[in-house]
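S.K.: task: produce atomic coordinates for the following.
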Amino acid sequence: MSAEVAVPGAHRRPRLDRWLKPAVFVLCLLPFFWLIARFLIYGFGANPIETGIRYLGDWSLRFLLIALAVTPVRIVTGWIVVARLRRMLGLFAFTYVALHVIGYVAIDQFFDWAAIGRDIIKRTYITFGMIALVILIPLALTSADSMVRRLGGARWRNLHRLVYVAGVAAVFHYYFMVKAGHLQPLIYGAILAGLFAVRIYKRFA
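M.R.: Residues are numbered from 1 along each chain as shown. Down below sits the predicted model:
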């Protein structure tokens, strides 16, 4: 009878895997609750609408990059359980994008569709923002397992690869929105390029 070899910390891994998704879910809610708390306690300064919309936009891009990082992290680390977070993180990214756009459409523009249309045509950063939104809507709507079965695995994967196009559009949205000091959007662009490079390397390695 062969003796079993004990792996240090192996008994802790199932517990970690079990609590990972709920913990990440709570962490994803924290930026939204901080936005509420900040508004109630401190306010948003002289231009509260712009401050709130930009805050949601910042977190939209961050969550989009975090969601895109799931597969590269799995590839680099071999930590398979992280793949379980991909759908949840993607839906959180879309939720923050939706809140960002709702803030612009409902609070900033008061559903003035003519003005919104002019903004989309004349303001480059809004054009790219709307491109990202249009791409992300069908991705969010087809995120369920039932849609994977309905579309077929290959077609579903091809559709969801468009998330990188949305990521590029979101980075350009941020870049053109900033009037001075483009370091931060360039950093986000570099992160996106790095994530894309890992996927390409894995595909052709």
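
S.K.: excluding chain neighbours, what is closest to the residue minimising distance to the centre of the chain?
M.R.: Centroid-nearest residue in the chain: L64, 1.7 Å away (criterion: CA atoms, centre = their mean). For L64, ignoring the flanking residues on the chain, the nearest one in space by CB to CB, 6 or more residues apart in numbering is A93 at 4.4 Å. Heads up, the C-betas are built off the backbone N, CA and C, glycines and all.

S.K.: what separation do you get for the one you found and P138?
M.R.: 14 Å (CB to CB, to the nearest Å).

S.K.: more neighbours: the two, which one.
M.R.: Ranked by neighbour count (other CB atoms under 10 Å), A93 and P138 place A93 first, with 28 against 13.

S.K.: what strand or helix carries the more buried one?
M.R.: Assigned by DSSP states H and E, A93 falls within helix 86-102.

S.K.: residues in contact with the helix or strand just after that helix: which ones?
M.R.: Once the chain leaves helix 86-102, the next helix or strand it forms, by DSSP H and E, is helix 113-122. Contact with helix 113-122 is made by 104-105, 109, 126-127, 130, as judged by CB atoms under 8 Å, 6 or more residues apart in numbering.

S.K.: and the residue nearest to the centre of the chain, which of the three is it?
M.R.: helix (DSSP: H, G, I helix; E, B strand; the rest coil).

S.K.: ok, now which ones touch it?
M.R.: Here L64 is in contact with 93, 97, 163, 166-167, 170 (CB under 8 Å, 6+ apart).

S.K.: next one, pLDDT for it please.
M.R.: L64 is assigned a predicted lDDT (pLDDT) of 97.

S.K.: check A169 too.
M.R.: Model confidence at A169, given as pLDDT, is 98.

S.K.: so what does the helix or strand it falls within touch, helix or strand wise?
M.R.: Using DSSP H and E, A169 sits in helix 163-177. Judged by 3 or more CB pairs under 8 Å, 6 or more residues apart in numbering; DSSP states H and E, the packing partners of helix 163-177 are helix 48-77, helix 124-141, helix 183-204.

S.K.: pull the residues that contact the second one.
M.R.: Outside helix 124-141, the residues that touch it by CB under 8 Å, 6+ apart are 57, 90-91, 93-94, 97, 101, 119-121, 147, 159-160, 162-163, 165-167, 169-170, 172-177.

S.K.: from those residues, list just the buried residues.
M.R.: 57, 90-91, 93-94, 97, 101, 119, 160, 163, 166-167, 169-170, 172-177 (16 or more other CB atoms under 10 Å).

S.K.: output the lowest mean pLDDT helix or strand found in the chain.
M.R.: Every helix and strand of the chain was ranked by mean pLDDT, DSSP states H and E. The lowest is helix 12-41, at a mean of 86.
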